[in-house]
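Novice: Here is my input; please provide its structure:
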Amino acid sequence: MNIRVAQEPLLVLATSASLFLASVDATSVKMDYLPSAFARVDPILSSTCPSDHVHTFYGPLSGVDPRRIDQDNDLELHSLLLSTPVSENTGNVEENKSLYWHPTVYKVKDGVYTRAEMAQSSVYYIWETGLTTAFPAGFRMIGGFQDTNPALAECVNPSPCDPGDCETENTFFPSTKCDELEVSMRMPSCWDGVSVSSPPEHTSHVVYPNEEDECPPSHPVAVPRIDVFFRIAPYDGGHHTFSDGSSVFHSDYVSGWDEAFLQDILNNCDNDGFAAMPNFFCEDRLTFRDGPKCTDEETCDFGDPALLEKLRAIQPEVPLDVKGTIIAEETEVVEELPRGTCNGELVGSEPTTTSTTSTSTGTSASTTSSTSTSTEVTTTTTRRPSETGNQMVKMCLFYSSPSGHARVVNGEHILVRDLDSSPYYRWDRSVNPVAEPFPPGFRMIAASDDPGANGCGPSGNCNLFEDPFHAMFTECCNIVGEEENCQAWEESNIVFPTQSCDFFGIALAMPTCWDGRIDSDDHKSHMAYTLGGQVAGPCPAGYNRRLPQIQLFVRINNYQGGTYVLSDLKNTFHVDFFNGWEEGKLGAIMDTCQPQSQGVNEYNPPCDCTPQAAEEDGTYDGGLTENSNIPDQICDADVRRLIVDEPYDRIPLLPVYGGSCQGEPMIERTWATGLSADLFSADCNNPITTTSTSSSTTSTAITTSTSVPETTTTTSTSTTSTTSTTSATTTTTTTSSTSASPTTAKPSPAPTGPSQEDNQRIIACGSGGGRLRCPEKVALADASEDHGVRCCRDCVNVNNGSCDPIWKRKCAGFDEEVFGTSYVGIDESCRKLATFQEALNLCEEMEGGRLCTEEEVVRGCTKGTGCSLNKEMVWTCMYNDGECEEDMECCSGSCNAGFCEE
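Specialist: This next block holds a predicted model:
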């Protein structure tokens with residue numbers, strides 16, 4: 001027990017960081033809660049009856065009731081948590097719908113147990129950016145019973161207990177009074193990488209790291225460390241106890257994160273919050289309901305002083321009725337602690353379930369469930385965005401589509417191949433501005449979370465429109481006879497259902513309002529959604545032209561349920577479009593194809609203006625020719641031979657770096673501009689193994705590397721060969737352009753730049769992997785310039801394989817024998833500025849020390865080792881055993897026959 005005198009106002013003390021093991025290279029995020037319920041239930045240990053003791057819950061109200069429809073389905077609770085509306089979560093982060101609970105605290109006096117009143121509680125997520133794995137769907141654990149758990153009760157501004165109220169039988173809680181009692185514990189952060197839980201105790205699949213913050217071989221996967229804090233203010237001393245009568249603080253956790261979203265946070269959020277720090281939030285990636293957050297350390301030295309008031313303002317309007325819906329038992333003031341597993345009964349016999357509304361086909365009405373953030377509708381046909389009026393034309397074209405999805409089975413990412421795709425073109429010529437065809441060279445990217453893609457348009461005024469607009473919807477459909485029975489979701493985040501179905505569909509409508517530019521820097525801002533989302537709706541200011549709406553519908557056939565992720569590990573869906581229409585053809589179709597009659601409240605018009613539609617009704621001959629020779633998908637081996645040599649099927653980690661032009665480089669283009677069929681393998685089981693086997697190409701092979709701008713990437717494999725033949729700068733790929741995982745990627749090639757003068761050396765950003773915190777990752781600098789100094793050391797056979805304490809950071813996942821530091825020279829001090837030779841000398845002054853190589857710095861071997869160098873460029877070089885290509889790579893400045901000279 002620690003006694004501390006507070007120097008700040010009460011309820012703003014956010015962390016006991018010094019009491020916990022701190023990672024020198026960690027990122028942290030603080031999230032705050034008020035209790036959601038007090039109940040004798042346990043969603044992990046007792047799913048059919050009351051649990052042994054009363055718990056205090058935090059998070060989604062829907063997770064408190066332990067009863068499930070399928071007791072053996074680990075994913076059911078996870079799905080329920082994800083579907084909980086933000087307004088029914090007591091936490092302040094929209095994306096975190098995890099459930100936390102711990103034994104309730106009681107004050108014992110005169111034989112009466114009175115539940116202690118809680119102030120705010122906090123959870124801190126702490127991790128090493130780029131080196132930590134997200135909790136998988138269904139993950140749960142119990143922490144605190146292990147001997148290595150450092151649970152603490154910290155008294156702020158202690159004062160003597162009241163006379164006659166100083167006796168206690170509990171060894172954890174202090175008997176003294178405190179202006180605030182801060183209770184904290186740390187959850188295990190090493191996972192076996194296999195099991196989402198470990199019944200019956202739910203503790204053996206996770207362990208705590210060792211004193212060096214390393215995971216053991218039995219549990220090698222690092223997951224985010226969760227530090228759980230709760231506060232009692234004021235704390236009136238005397239006898240306090242946990243509801244289980246013990247002096248052990250334990251806590252339970254069920255992940256309510258979208259796995260891909262959390263992984264993106266863990267890969268790309270990077271700050272200096274090395275422990276449970278009060279002013280770090282990753283606010284650029286997380287949505288704080290009580291934001292903006294206070295990060296000014298002078299104003300909010302120990303957290304936001306107005307935090308408690310802000311938390312109260314975002315609590316659910318209707319509290320959870322525990323006694324009426326879960327367990328009719330008094331927990332606030334009792335003469336005896338409620339105890340005993342399955343001692344008593346839960347209210348009713350069925351769990352609280354999410355309500356859904358069944359609607360008939362042909363309506364656009366959406367009904368929001370009381371416990372679901374998405375709009376869930378049961379229909380008998382595939383649902384499409386509806387329109388009113390009778391002037392809209394819909395043209396349906398069919399393409400096969402590459403997969404941006406992976407199914408995760410036993411830790412392996414399996415590429416989804418059994419899918420198809422249909423882009424729907426919609427336009428309405430009866431409104432101004434009148435829709436016009438896409439101009440040559442036009443391109444755009446649209447994502448499900450773009451401005452105006454959800455809600456009520458840029459104005460935010462829902463009263464203008466009957467229903468909120470969602471650019472994306474997903475649906476899980478079973479085919480019964482000639483009908484489709486579907487469950488659908490409308491929201492900005494993609495919902496991969498855990499249940500199986502005949503097909504799972506994803507539909508994203510792209511924006512239609514245009515500012516007249518062919519493209520924009522972000523490939524998005526030259527386009528905007530109409531106000532309210534309708535094809536014929538008004539356009540926002542600055543967008544005075546209109547293009548057809550494209551809605552891409554991707555369908556995964558024979559959907560197996562379980563865990564699916566997008567290839568970029570994000571929970572939003574995006575579509576790229578590059579105009580490939582024969583010039584004049586789309587305009588002619590738009591001019592001559594007439595809309596079919598449609599009532600005001602009728603569903604979308606049927607597909608028209610296509611060869612299929614003309615054959616069926618004989619009303620239109622638009623000159624479109626059906627492609628009867630659709631090529632097969634490019635073989636994986638051809639992709640790796642011709643485009644980028646990188647595995648992307650049946651891999652443990654997806655090739656995602658968080659940025660373009662990283663990982664494996666594009667393969668040099670050695671074929672002619674005019675492609676021939678001989679370039680591709682006719683049989684994927686017997687692929688071509690050489691780069692070019694055809695002599696029928698139409699021009700001299702290009703031998704220089706051809707860069708492929710992001711703007712030329714499309715998503716349709718059926719157009720691969722035709723697109724490639726029309727433009728030397730346009731290449732269609734079937735995989736994400738993001739690069740390999742940090743644990744599998746090869747080092748980037750040495751940078752190129754200014755001429756290779758003897759006085760030039762390579763500098764690299766101190767932050768290394770994760771979020772880049774310098775203007776450049778790697779650059780060249782004159783050796784006489786001043787830059788930061790960080791040193792490395794190879795710790796083979798030193799102190800049983802471990803470096804001295806100053807060498808703080810291992811290159812985890814890259815080279816387990818290399819450590820780095822920022823405290824350099826004989827005096828082990830920070831040297832932010834030094835010339836190259838000075839830096840070389842400073843590192844060599846240290847026992848076993850040397851300058852780090854470019855690759856070591858880029859891989860993060862020194863990241864977070866102090867001296868505020870994460871945002872600075874630091875010197876790098878290779879010694880005489882390093883393989884080199886250019887003189888500037890070598891410490892000596894001389895590269896001879898591929899190796900650095902001494």
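
Novice: what residue is smack in the middle of the protein?
Specialist: Phe261 (2.0 Å; C-alpha atoms, centre = their mean).

Novice: Surely that one forms part of a strand?
Specialist: No. Phe261 sits outside any strand when classified using DSSP: H, G, I helix; E, B strand; the rest coil, being helix.

Novice: Need the nearest residue in space to it, chain neighbours excluded.
Specialist: Leaving aside its chain neighbours, Phe261 sits nearest to Asn571 (4.1 Å; criterion: C-beta to C-beta, 6 or more residues apart in numbering). In short, each C-beta sits where N, CA and C put it, glycine included.

Novice: Enumerate every residue touching the residue nearest to the centre of the chain.
Specialist: Glu95, Asn493, Lys570, Asn571 (C-beta atoms under 8 Å, 6 or more residues apart in numbering).

Novice: Now do the helices in the stretch 201-350 of the chain.
Specialist: Secondary structure of the stretch 201-350 of the chain, counting by DSSP state H, counting those that start in this stretch: helices at 259-268, 307-313, 322-325.

Novice: Please look at Cys161 and Tyr235 and confirm they touch.
Specialist: No. With contacts counted by C-beta atoms under 8 Å, Cys161 stays clear of Tyr235, the gap being 10.3 Å.

Novice: so where do the helices sit in the stretch 551-700 of the chain?
Specialist: Going by DSSP H, counting those that start in this stretch, the stretch 551-700 of the chain shows helices at 585-592, 611-617, 636-642.

Novice: Could I get the buried residue list for the first one?
Specialist: Okay, so that is helix 585-592. Leu586, Ile589, Met590 (16 or more other C-beta atoms under 10 Å).

Novice: which among those gets closest to Gly849?
Specialist: Of all these, Leu586 has the smallest distance to Gly849: 65.1 Å, by C-beta to C-beta.

Novice: What's the per-residue pLDDT of the closest residue to that closest one other than its chain neighbours here?
Specialist: Distance criterion C-beta to C-beta, 6+ apart; nearest residue to Leu586, sequence neighbours excluded, is Pro437 at 4.0 Å. Listed pLDDT for Pro437 reads 92.

Novice: Leu82 now?
Specialist: We note a pLDDT of 90 for Leu82 in this prediction.

Novice: That one against Asp258, yeah?
Specialist: Yes. The pair Leu82 / Asp258 is scored as a contact, 6.6 Å apart, by C-beta under 8 Å.

Novice: what is in contact with those two at once?
Specialist: Listed contacts common to Leu82 and Asp258 are nil; contacts here mean C-beta under 8 Å, 6+ apart.

Novice: can I see the domain layout of this protein?
Specialist: By the assignment in automatic domain parsing, the chain contains the domains 2-334, 374-617, 628-746, 760-900.

Novice: Quickly, which of those bottoms out on average pLDDT?
Specialist: domain 628-746 (a mean of 54).

Novice: Tell me the buried residues in stretch 534-547?
Specialist: The neighbour-count check on stretch 534-547 (16+ other C-beta under 10 Å) flags Gln534, Val535, Ala536, Gly537, Pro538, Cys539, Pro540, Tyr543, Arg546, Leu547 as buried.

Novice: Also stretch 774-793?
Specialist: 774, 777-781, 783, 785, 787-793.

Novice: so who does the nearest residue to Asn73 once chain neighbours are set aside touch?
Specialist: Nearest residue to Asn73, sequence neighbours excluded (C-beta to C-beta, 6+ apart): Thr498, at 7.7 Å. Counting by C-beta under 8 Å, 6+ apart, Thr498 touches Asn73, Leu75, Glu76, His78, Ser79, Ala137, Gly561, Gly562.
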